[in-house]
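Student: please work out how this folds:
(2 chains)
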Amino acid sequence: IMENINAKYVSQKISKTRWRLVSHSSLQQPDIFATGSWDNEVNKISFWSIGNHGGSDTDDGFEGDPQLLCEYKHDGDVLDLQFLDQDRIVTTSSTGAVTIFRHHQNSQTISVSHRWPRAHRYPCDNAPCTGVVCSSPEIVTVGEDGKIIVFRADQEGVIRVIENADSSTIHAVTYLRTTEILTVNSIGQLKLWDFRQQSDAPSQILSLSGDRVPLHCVDRHPNQQHIVATGGQDGMLCVWDVRQGSTPFSLMEAHSAEMWEVHFHPTNPDHLFTCSEDGSLLHWETSTHSDMPSFLQGGRNNSMISRSAMAPAGGNQSLISAWLSGDSSKGRLETTHMLPSQTLSVNSLDVLGQCLVCGTDGEAIFVNRQVPV
Amino acid sequence: MEEVDVEPAVTNIPAASDGKHLGFAWGPGDILVYETLYKASGSGCSFIHEVRKDEDIYSPNLRKLFNESHHIFVGLQTIREDLPSKNKKPQFVSISKNYRSVIRACMEELQQVAVSTKDAEVATQYGNQVSILLAIELIWNLCEVLTLSGSLLLHLLDWVRLHKADVDEKAAEVLQSESPAEHHDYWDVVVSYVLQGRLEEARQMLVKQATLHPAARKMYKLMDTLLSKMPFYNPGGTQTLTEFDVKWRHWHGEVNRCLQDNSFASNQHLEIICKIIVGDEDTLLEHKELLSTWYHFLVTRLLFSHPTVKPTELHYYAQSCMTMFLDARSVPEPLDNILLAAFEFDIHQVIKECSIALNNWWFVAHLTDLLDHCKLLQSHNLHFGSNLREFLLLEYASGLFTHHSLWQLAVDYFDNCPEFGRVYLGLQIEHIPLDTERKALKVLRICEQRQMSEQVRSICKIMAMRALRNNRLGSALSWSIRAKDAAFATLISERFLQDYCTRGTFSDLDLIDNLGPAMLLSDRLTFLGKYREFHKLYGEKRFSEAAKLLLSLMTAKIAPRSFWMTLLTDALPLLEQKEVIFSADQTHELMFCLEELTSSLNHSAPGTDKPTQDEDIEQTKVELLRLALARNLAMAIIKEGTIEA
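Tutor: This is a model prediction of the structure:
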């Protein structure tokens, strides 16, 4: 696995990398990704291509070395980055700004499409905007000021603000359903927000009993919407079932330092990827022992029994995801390191199809085009 | 003070007016300079100038060098000490090659940019950087070659060939022409091949000439034979050095005989080649242009005169070659001195010269580190305690630390400086500006991994204060938990309690309700959590539990004295309930608390003439409480005295 991965040094510390969306219908592998930098005097967003359009025009020694298409100056650290659609990305900045950039594919240039300069702020200071999630045209951002803000890409002002959503920093946000979002904060709480409700209170708060370890990332299972994975300061991977209980379903020791991002593979959710300050990127794979597909197994099958004594509401027990019974010591969970050792912090990763891209504080981007999923 | 090796460079501050006094302050990597007046009067200049010595770390292309070499450096440090040296040597060689390939990659990129840019100044700047990198790679390669085992000469030949690419370019041009043997550069190429010891290629070229001149076939055949029979020493082979020496002398004698009996007299080119391979210095020197450097001359001369040269003898030849090659007028350049020092195996001199010539410690730090690992550096301790390797690494890393982004690389370098690394890191890490929580978390992680508890506390305190100033109580608490800072946690709790007193409700309930074990960090925080719990119990109408909790807050001295009045006032509605909630004992305790409170209040505020409005309110409250307590006591006694029917 490690032979397929090479470092490209890019002279900037990468804070975020994201694949450009490919349409679900096409079986195309992704070929363009965007990156954002941090901690530079002049930060940048850049678009790169790995030339997956077939045809080996590259006479470089290493096929698939990312080529820079275009870049653009970014005011402040890029704290989060998401593709809004094929041509536009949303970034959030350490200055508290939220910006939409448009990538003009024909001329390979970038322009600012829309900007909300001090979306997140304190009365007399900037408040870094730490996370964004979007479902075009809706954009939701969160920040160190504990606010949740909803924008629409085509409208000037702000659609909705939840002012005191949190007394601590909100580190990440993701969609649970079209009208519900999940946030994680620096006192270890996972909060559900329902936008259909008028009130500014979360509809549910979940947290680990014990130490209030800050949570940094969250991702929802692509098919089973009640399953959520989080990672935090202590490097533990937690899998939650948001329908039941207020504590995580399973806890797995993953990293020896902060976990910065966790991603379920969008089409093969038996695979999960995490990256951390400790310089490692892990590929988690659950496996079922039986040859029979999981949906045909009855509730008695031992290898699939979850820790909960109850069957989930309205669900066949055999549909419980293997994630909810995650226990690495029982051999149902395989973990692989995907990067050579001794890299500095891996700040961000994204996986789509068979391609994985990640960026590090060692100013390197790694691309793997043959992820075994 | 010791003598300086070179005259210090002078930098003019253009914006400062002539004749003004300049004040200055040292920074870690630069100097701040400002105009100053001795007299207090008069207007001053409002500018501060920053003079920076090392511009290289701000070059985007060179950044790749720093990052990639950092990766190699860290890998090098992990090679286990206890491996036998024959296992380690190939690893060191491969690491050395890695470093060099990184340098070359950087150089190629810079070259591309220098060529493609339209800005003349930028082109010059990049061109200079390319030259410096070229020199660095040359020196590094030489050091690698000189420390490798095996045939010194063969390695030196490789070295020269690697750094003289124009021969291949010219050869390609000649071969691609219509009639290569008639190309005007043809003989230059042949001679260059010979000078580099690439005899096989020279022979192939000569064949083309031979076919054009069938009359001189015998002569060309003779040259071909001579060239093909030249012995090369292969240390890995079965031949011993003595055997080789004999063979070589024999061959050398044969070539000499050909010269003596004028076998090539009719063809001046072949005659020249013959003289070259016999080692004739004057002929070699006639081809200065093709050799282009004195070290090429050195290697060629050794190849054809002293092929069994030992490393210890190198410096004799090096010095003499340099003198012969350079004009009487020209002064050796810094690069020449460095290479000479390398040939003399005077590593310290190499490092010293490089340190002076280059404005960035990168090269000397990494080279010295590698040589140190190979145990090639005699450690002599410098006056200030650490050895040369550590000194250079510290200087390099300190320079990195001044960079807004590359400071992270510096940490690993400091880690590998056993004497002073930790101290340097501790001092410098506190000066990193922390604009975002994410950056602070990374810095904290570095400090925690190295048990730098003071720095951890200090950083957490800075972040917590900032959060507090922006009224982010949850964040502030999160920072104090990380630092295990009880005092700060107390401060935050005070803020919460103040908020409650002024507003009557708690803010940030999501935090207080979910404190968890963090509550135990400070007494005040525990009180806050428990007090909120009391409110919750009350809200859930679990009155007796609420009552018990409230009482325990006072009797267990968890609540601060200043809050007791509020707590007792909170007890009022419980006392006023129809049902008896506080038992007789509990009521006694409450009364005791009240007395404690009022007596301390009386003591502290003696003899004011007119009671103020506040005092009036207080007095009323106390009286109300006394009444309620008395009533409750009465009801409690009755209740407890009654036998249930």
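
Student: any idea how far B:Gln112 is from chain A?
Tutor: Distance of B:Gln112 to chain A, computed by C-beta to the nearest C-beta, to the nearest Å: 13 Å. C-beta coordinates here come from the backbone N, C-alpha and C atoms, glycine included.

Student: what sits against that residue?
Tutor: Contacts here follow C-beta atoms under 8 Å, 6 or more residues apart in numbering or on different chains; on that basis B:Gln112 touches nothing.

Student: buried residues in the helix or strand containing it?
Tutor: Assigned by DSSP states H and E, B:Gln112 belongs to helix B:85-116. Of all the residues in helix B:85-116, those buried under the rule 16 or more other C-beta atoms under 10 Å in any protein chain shown are B:88, B:92, B:95-96, B:98-100, B:102-103, B:106-107, B:109-111, B:113-114.

Student: anything in the lowest-mean-pLDDT helix or strand in chain A near chain B?
Tutor: Least confident helix or strand, chain A: strand A:333-337 with a mean of 83, by mean pLDDT, DSSP states H and E. No. Legend: contact between strand A:333-337 and chain B by C-beta under 8 Å from any C-beta of the partner chain is lacking; minimum distance shown is 15.9 Å.

Student: how near is B:Glu281 to chain A?
Tutor: Taken as C-beta to the nearest C-beta, the span from B:Glu281 to chain A is 43 Å.

Student: how about the nearest residue to that residue, chain neighbours excluded?
Tutor: In this structure, B:Glu281 finds its nearest non-sequential neighbour in B:Arg301, 6.7 Å apart by C-beta to C-beta, 6 or more residues apart in numbering or on different chains.

Student: correct me, but the one you found touches B:Ala318?
Tutor: No. Counting by C-beta atoms under 8 Å, B:Arg301 stays clear of B:Ala318, with 10.2 Å between them.

Student: and residue 202, backbone torsions?
Tutor: I went with chain A, as the question did not name one. Main-chain dihedrals, A:Pro202, degrees, to the nearest 10: phi -70, psi 150.

Student: one step back: closest to B:Ile79 out of the buried residues of helix B:85-116?
Tutor: Using C-beta to C-beta, B:Lys88 is the member of those that sits closest to B:Ile79, with 6.3 Å.

Student: what residue ranges in the stretch 451-600 of chain B are flagged as low confidence?
Tutor: Scanning the stretch 451-600 of chain B for pLDDT under 70 picks out no residues.

Student: strands of the stretch 201-350 of chain A, start to end?
Tutor: Taking DSSP state E, counting those that start in this stretch as the criterion, the stretch 201-350 of chain A carries its strands at A:204-207, A:215-220, A:227-232, A:236-241, A:250-253, A:259-264, A:271-276, A:281-286, A:333-337, A:346-352.

Student: equivalent analysis for the stretch 1-150 of chain A, please.
Tutor: Going by DSSP E, counting those that start in this stretch, the stretch 1-150 of chain A shows strands at A:6-9, A:13-19, A:32-38, A:43-49, A:67-74, A:78-83, A:88-93, A:98-104, A:109-116, A:121-122, A:125-126, A:129-135, A:138-143, A:148-152.

Student: in JSON lines, list those strands along with distance to B:Asp585.
Tutor: What follows is the strands of the stretch 1-150 of chain A, written out as JSON lines (distance: least, C-beta to C-beta, whole Å):
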{"stretch": "strand A:6-9", "distance to B:Asp585": "73"}
{"stretch": "strand A:13-19", "distance to B:Asp585": "62"}
{"stretch": "strand A:32-38", "distance to B:Asp585": "62"}
{"stretch": "strand A:43-49", "distance to B:Asp585": "67"}
{"stretch": "strand A:67-74", "distance to B:Asp585": "68"}
{"stretch": "strand A:78-83", "distance to B:Asp585": "58"}
{"stretch": "strand A:88-93", "distance to B:Asp585": "59"}
{"stretch": "strand A:98-104", "distance to B:Asp585": "61"}
{"stretch": "strand A:109-116", "distance to B:Asp585": "62"}
{"stretch": "strand A:121-122", "distance to B:Asp585": "50"}
{"stretch": "strand A:125-126", "distance to B:Asp585": "53"}
{"stretch": "strand A:129-135", "distance to B:Asp585": "53"}
{"stretch": "strand A:138-143", "distance to B:Asp585": "51"}
{"stretch": "strand A:148-152", "distance to B:Asp585": "50"}
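
Student: for A:Leu251, find the nearest of the ones you listed.
Tutor: Closest among those, using C-beta to C-beta: strand A:129-135, at 22.8 Å.

Student: which other helices and strands does the closest one contact?
Tutor: Counting by 3 or more C-beta pairs under 8 Å, 6 or more residues apart in numbering or on different chains; DSSP states H and E, the packing neighbours recorded for strand A:129-135 are strand A:78-83, strand A:88-93, strand A:138-143, strand A:170-177.

Student: and chain B, is the first one touching that?
Tutor: Just to be clear, that refers to strand A:78-83. Yes. Remark: strand A:78-83 sits within contact range of chain B at A:Leu79, by C-beta under 8 Å from any C-beta.

Student: could you give the angle of that strand to strand A:346-352?
Tutor: 0 degrees (axes from the mean of the first three to the mean of the last three C-alpha atoms, to 10 degrees).

Student: no further questions, thank you.
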